[in-house]
Structures are given as C-alpha cells and as structure tokens.
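1. pasting the sequence and the predicted coordinates here, then a few questions.
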Amino acid sequence: MQKMNANGAPLFFAAFLFRYRHIERCIEQSGQVMLEVSCDRHTLLFCEQGEGRIYIGRESHPFVSGKIYPLAPGENYQLEHDRPNALKYIVLHYDAVHMVTGDPELYTRPLFEMRDRLNGFSPAQISGMLDLLHSGRQYRTDAEYSRLNVQFHKLMELIVTRYTLPKTEQSPEARVQGTIQYVDEHYAQDISVQKLARLANLRPAQFTALFRQITGRKPLEYVNYVRIEQAKEWLALSDEPLRDIASRVGFRDEYYFSRRFRKHTGLAPRQYDKSLQRQTLVQDWAGHELNIPRTPERILFYGESAGDLLALGIPVLDHASHDALTPLDLEWTVQKQPDLILFDSSNEQLYQRLSRIAPTLMYNSHADLEERMCRVGSWFGMGAEAEAWLGAYHRRSEEMWDSVQPWIRPGETASVLVHHRGARLFVMGNIGLAPFLYHPKGFIPVSKVQDALSAGRAYKEISTDSVSQYAGDRIFVMMPESDTARMATEHLFESDEWKALHAVKSGQVYKLEERVWNMGDALTSCRLQTLLPELLNGLDVSV
C-alpha cells in the first residue's frame with residue numbers, strides 16, 4: 001500500500017529505505033581523459049570546484065560548483081572540462097530498498113527523474129556533510145558504519161527536502177515555471193505581467209527575462225497562445241458562437257480574438273475548425289500522443305536525422321537539422337513559426353517547453369534506419385512510400401556490397417573512430433558510419449565494439465592507450481569540424497600506440513570528413529552507397 005501523509009496525499013520517498021555504500025573524492029586535471037562510467041548503484045555526483053559538463057546518456061548539463069546530479073543503476077555518465085583548471089567532485093553510491101510491497105526489493109529505477117530540481121545548492125550547505133562521510137569512509141565496525149549511515153541519511157533528508165519543496169520555495173526559474181502552470185490553469189481570468197511577477201515574487205523585468213528564456217515568448221504572448229490553444233479545442237467540440245468561445249478562453253472582444261487566432265494559426269477560427277479534419281493522431285518514441293498536421297509545411301528538426309524526412313519529400317525548415325544538445329534558443333524557435341517540431345532527445349522538461357511552441361514529437365536517431373523510416377511513414381501518412389524507399393535502399397545495398405566483395409577479405413574487421421566533445425576519443429557503435437559498415441556482406445566489428453553494439457550503445461569513449469583493443473583491420477577515422485578535436489586527431493596520428501596498429505602499418509586507414517561520412521540519416525546512407533565503393537576502390541573521395 002502506498003504511503004500517505006496526514007492529509008491523505010500520496011508520498012513517494014516514504015516508501016524507501018536508503019543505505020550508504022561508498023564515497024570517493026575525485027580530482028581530474030584539465031588534460032586528463034575522463035572515460036564513460038557506468039553506475040551499478042544509485043549515485044549522486046557533487047561538483048565541488050571547477051567548470052565542466054556532464055553527459056548522462058544523451059543529456060548534457062553544466063557541471064559547476066553547487067550542482068548535484070542523481071543517476072540510477074544502469075545509467076552512464078561522462079565528464080569533461082570547460083576550463084583549464086582541475087575539476088573536483090564527489091561520487092556517492094547508495095542503495096534504495098522499496099518497502100511498498102510485503103517483500104522489500106532493491107529499487108533500480110530512477111528516484112529523481114527531474115534532475116534539475118537538485119541544482120542550486122550553496123556548497124556550504126552540503127560540504128560539511130560530505131566531509132564527514134568522506135573522513136569516515138574507512139569504517140571498521142558496525143557502530144562506525146551506523147554513525148556513517150546516520151550522516152548519510154541527514155544528507156538524503158536535505159536532498160529529498162530540496163527535491164520536494166513547494167514551488168514557492170524553489171529557485172526563480174522554478175517559480176516562473178509555477179506561473180506558467182498558473183496561466184495553463186487560469187487562462188480565462190484577467191492576467192497581467194505584474195500579477196504573474198507577484199506570483200513568482202520577482203521584479204517584472206527579471207520575471208519577463210526569465211519567462212522568455214523558458215518559453216521563448218513574452219508573458220502576455222504566452223497567455224494569448226494558451227487561450228488560442230484552448231479555443232482550438234472548443235472549436236472542435238462545440239458549435240457555439242465565436243463570441244462565446246472567445247469569452248470562455250479569456251478574450252473579451254470577439255474581433256480581437258479572431259485577429260489573434262489568425263495571427264497564431266494563419267486561419268480564421270471557422271477555417272481552422274474545418275482544417276481539424278486534416279490532422280492525425282500519432283504517438284512518438286516516448287509514448288506522447290498528439291494531433292499533428294497531416295501535411296505540415298514548417299517542420300523544425302532538432303537532431304541529426306532530418307534526412308529521414310527529406311528522403312520521403314517531407315519539408316524541413318532550413319532543409320537541415322539543428323543541434324539538440326546545445327542550449328536551445330526558444331525565442332529563435334518561436335520566430336521560425338514551426339507547425340511541427342521533431343526533437344531528438346529524451347529531455348522531458350525541454351520537450352514540454354517546445355510543446356508550448358508547436359506540436360512536438362520526440363525522435364530517436366539511434367533507432368535503426370528501417371524502424372525510423374517506418375515510423376516517419378506512419379506519422380505522415382506515407383507508409384507505402386516509406387516501404388518503397390526501404391525496398392529500393394536494401395536492393396541497392398545488396399548490389400553495392402556484392403560489387404565491393406573483391407576488395408574485402410572474409411572476416412575482415414573495421415572500426416570507426418572520432419574525437420568529439422573536445423579532445424575525447426570515441427569508437428562508434430550503432431550510429432553513424434559504423435552500422436552501415438557492419439552489413440552481413442560487409443565488415444565485422446572487433447569483439448569490444450561488438451560488446452558495445454550488443455549493449456545498444458551509440459558510441460564508447462576510449463583512451464589512446466587502449467586504441468589497439470578497438471582497432472579493426474581497417475580504421476575509418478572521422479575528421480571533426482572542431483579545431484580542438486581535429487588537433488587531438490592529429491596528435492593521435494603521431495602517437496606510438498597509433499603507429500603500432502596493424503591497419504596503420506598496412507595502409508588501411510581512411511581519413512574522412514565527419515559531417516559527410518558519420519551521419520546515419522536516410523539521405524547520408526544513400527550517398528554512402530556511392531561513396532564507399534569509390535573509397536574502397538582507391539578512388540579520390542574528396543568530400
């Protein structure tokens with residue numbers, strides 16, 4: 001039975017017992033390679049000093065003093081430096097025992113799904129607790145462990161308190177989020193910037209600046225956006241006069257409502273009512289269900305696989321992808337006026353922000369090409385076209401691999417290497433050029449790369465010292481656009497470890513431009529069917 005508080009409201013953390021396991025203090029110098037780490041227990045990362053970034057799966061966050069990031073068993077993280085100074089941080093491991101059922105069980109799912117709620121601590125709040133835990137880490141008796149576990153529970157009390165604080169006690173950003181929810185629920189009322197700023201306990205200018213960062217819109221622009229979205233629902237459900245619908249959603253003037261509606265949608269209210277028949281209910285990769293335009297004209301693609309849509313003739317703004325990892329400029333997104341957004345990330349908070357701008361679908365560029373094309377076809381009513389495209393693509397693949405058989409030895413292995421995120425070295429797994437090479441008639445991954453593929457990993461960070469364990473008979477080296485990463489690649493070529501590789505000695509190394517060769521979208525895959533035979537045949541592929 002779920003735990004309840006005195007008012008009968010359900011409690012989440014009351015159902016757990018926490019058990020301290022281990023703590024370590026780490027100091028990483030700026031030139032030090034920080035490889036990916038896999039968590040086998042619940043983990044808390046505390047940044048004590050320095051500036052860097054943390055990559056958790058496909059998420060990217062700042063890692064600076066006062067930041068805390070929780071991870072669940074099975075999650076992976078990687079750290080990198082942003083400054084020449086050392087990065088100092090603490091890693092704390094613990095277990096969570098779920099006590100809801102009659103049989104206690106070790107809980108392995110995420111405890112803190114909204115990681116950003118734990119940010120903003122003053123280092124002084126937790127440094128003393130962490131020092132006590134670290135100084136007592138070499139416990140020898142049950143009593144010493146018990147004292148240590150008590151200290152750990154005091155720390156967990158502070159963390160759970162911060163995570164579950166009411167919005168009014170949270171950071172300015174969280175308080176602004178509260179006003180967004182207020183607008184969502186009270187859109188029919190009179191709402192002013194001054195009123196919202198008072199609710200957030202912020203000066204109007206500060207409130208407006210934060211609001212624009214979070215939503216991409218000014219506060220009153222967002223109020224009108226919510227009212228128009230609600231009006232769309234009433235138009236679909238009701239034959240009421242426009243003046244009544246306008247009043248229901250907070251507009252006091254039917255003509256002003258019509259002007260705002262046309263500006264937002266490009267259609268008059270009754271024209272939009274008819275256009276609802278041209279929408280499709282779909283489900284994205286994360287399970288969100290929503291109506292999207294059947295024939296969208298302004299699709300904004302945040303990710304790396306816009307070529308999946310372009311291959312089927314589906315229009316994409318700028319005819320290109322936009323980076324989903326760097327901080328998104330939401331005001332720029334609003335200005336692009338998309339009628340649909342595809343977002344290649346699992347960041348639910350950012351997804352919610354984008355969804356307030358236009359219908360948004362989570363995409364998964366790490367899925368295999370066939371799955372992606374079938375999903376795109378189902379979304380846009382182009383299932384037959386997607387099947388035809390895949391059939392033609394597979395036929396060309398068979399023909400291409402048959403044509404290159406004279407240049408490939410049976411059982412020949414291959415690896416794809418790239419420097420990324422600065423001077424960090426990665427071997428590619430199930431995205432980019434690598435899965436294209438690992439065709440049944442093509443190359444074979446070396447055993448350690450096969451392990452990464454079996455685990456569903458897109459890539460794996462490695463060190464120069466270990467490159468021989470991941471090097472195939474042929475090595476395809478991606479030449480990155482970043483000056484820092486490109487310089488690191490040149491340094492790799494000068495290292496003794498590199499010069500000792502069999503592929504290097506036998507002249508089986510291919511240096512290729514990353515933006516041309518290491519994308520996995522449908523259009524790039526088609527181009528590779530032409531480029532790879534030319535490359536293996538020794539022709540000059542200067543792209």
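-> Thanks, I have the structure now.

2. quick one, strands of the stretch 151-300 of the chain?
-> Here the stretch 151-300 of the chain has its strands, by DSSP state E, counting those that start in this stretch, at 279-283, 289-293, 299-302.

3. give the pairing partners of the first one; include direction for each.
-> Strands adjacent to strand 279-283 in the sheet, as given by DSSP bridges, are strand 289-293 (antiparallel).

4. for the residue nearest the centre of the chain, what are phi and psi?
-> In the chain, the C-alpha nearest the mean C-alpha coordinate belongs to residue 345, at 3.2 Å (C-alpha atoms, centre = their mean). Backbone geometry at residue 345, expressed as degrees, to the nearest 10, gives phi -160, psi 160.

5. need the pLDDT of it.
-> Looking at residue 345, its pLDDT reads 85.

6. next: residue 511.
-> 95.

7. now swap in residue 331 and tell me
-> 91.

8. quick check: phi and psi at it.
-> Main-chain dihedrals, residue 331, degrees, to the nearest 10: phi -60, psi -40.

9. neighbours of it, just the number please.
-> Using other C-beta atoms under 10 Å, residue 331 has 14 other residues around it. In short, each C-beta sits where N, CA and C put it, glycine included.

10. same deal with residue 40?
-> Residue 40 has 10 neighbours, counted by other C-beta under 10 Å.

11. the nearest residue to it once chain neighbours are set aside: what's it in contact with?
-> Excluding its sequence neighbours, the residue lying closest to residue 40 (C-beta to C-beta, 6 or more residues apart in numbering) is residue 73, at 5.9 Å. The contact partners of residue 73, taken as C-beta atoms under 8 Å, 6 or more residues apart in numbering, are 39-42, 108.

12. ok, of those residues, which one's closest to residue 185?
-> Nearest to residue 185 among these, counting by C-beta to C-beta, is residue 42 at 34.1 Å.

13. pretty sure that closest one is touching residue 93, no?
-> Yes. Here residue 42 reaches residue 93: they are 7.1 Å apart, a contact under C-beta atoms under 8 Å.

14. out of those two, which sits in the busier spot?
-> Neighbours were counted for residue 42 and for residue 93 using other C-beta under 10 Å; residue 42 has more, 25 against 17.

15. is the more buried one bridged to anything, and to what?
-> Beta bridges link residue 42 to residue 94 when assigned by DSSP bridges.

16. show me the contacts for it.
-> The contact partners of residue 42, by C-beta under 8 Å, 6+ apart, come to 70-73, 93-96, 111.

17. next one: it from residue 107, what distance?
-> 8 Å (C-beta to C-beta, to the nearest Å).

18. how about low-confidence regions in the stretch 401-543 of the chain?
-> Applying pLDDT under 70 to the stretch 401-543 of the chain picks out residues 539-543.

19. and the strands in it, which stretches?
-> In order along the chain, the stretch 401-543 of the chain carries the following strands (DSSP E, counting those that start in this stretch): 414-420, 424-428, 459-462, 474-479, 509-513.

20. pLDDT added to the contacts of residue 73, as JSON lines?
-> Shown next, in JSON lines, are the contacts of residue 73 (pLDDT from 0 to 100):
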{"residue": "39", "pLDDT": "93"}
{"residue": "40", "pLDDT": "93"}
{"residue": "41", "pLDDT": "95"}
{"residue": "42", "pLDDT": "97"}
{"residue": "108", "pLDDT": "91"}
